[in-house]
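Participant: predicted model, plus sequence, below.
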Amino acid sequence: MSLCLDRAAPRTASYSLKRTQTLACCCSNMSGANIDEVETEVVEIEAKLDKLVKLCSGMIEAGKAYVSANKLFVNGIRDLSQQCKKDEMISECLEKCGESLQEIINYHMHPSF
């Protein structure tokens, strides 16, 4: 089944015509299928696809926020390490911690499968 699912396109007469043609094509292949039932199914699928696109967009935005927060956190550890230079042990521990976190971030961002 071929459906025109271009969300950017406004619902115009040509959209309705394409949808009707698609429904007619689908229904012609089904014996005894009710066009209203098929149209309802198409509407439900469109709604679920819309929801999925919104969820995907939310995941992308959350990922961007996560990456940004990670960078800020590692930079904060590095700043604290620089501030604690007088205490060599603490400074070294913070540097190692920052490096380890950066490695983890790099691995997550660029996995080598």
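Facilitator: Okay, I see it. Numbering: from 1, shown residues only.
Participant: what number of residues lie near residue 61?
Facilitator: Residues lying near residue 61 (other Cβ atoms under 10 Å) number 10. (C-beta placed from N, C-alpha, C; glycine too.)
Participant: so which strand or helix has it?
Facilitator: helix 35-83 (DSSP states H and E).
Participant: one more: residue 92?
Facilitator: helix 88-109.
Participant: can you pull the buried residues of that helix?
Facilitator: Buried residues in helix 88-109, counted by 16 or more other Cβ atoms under 10 Å: 91, 94, 95, 98, 102, 105.
Participant: how about stretch 56-75?
Facilitator: Buried-residue list, stretch 56-75, by 16+ other Cβ under 10 Å: 70, 74.
Participant: quick one: contacts of it?
Facilitator: Outside stretch 56-75, the residues within contact range by Cβ atoms under 8 Å, 6 or more residues apart in numbering are 98, 101, 102, 105, 109.
Participant: quick check: closest non-adjacent residue to the fourth one.
Facilitator: Just to be clear, that refers to residue 105. Closest residue in space to residue 105, ignoring its immediate chain neighbours: residue 70 at 5.1 Å, by Cβ to Cβ, 6 or more residues apart in numbering.
Participant: next, the angle helix 88-109 makes with the helix holding residue 61.
Facilitator: 160 degrees (axes from the mean of the first three to the mean of the last three Cα atoms, to 10 degrees).
Participant: pLDDT on helix 35-83, on average?
Facilitator: Mean per-residue pLDDT for helix 35-83: 94.
Participant: stretch 102-113 too?
Facilitator: 84.
Participant: what's the spacing between residue 48 and residue 39?
Facilitator: As judged by Cβ to Cβ, to the nearest Å, residue 48 and residue 39 stand 15 Å apart.
Participant: ok, now residue 53?
Facilitator: Taking Cβ to Cβ, one finds residue 53 at 21 Å from residue 39.
Participant: more neighbours, these two?
Facilitator: The neighbour comparison of residue 53 against residue 39 (other Cβ under 10 Å) goes to residue 39, with 16 against 12.
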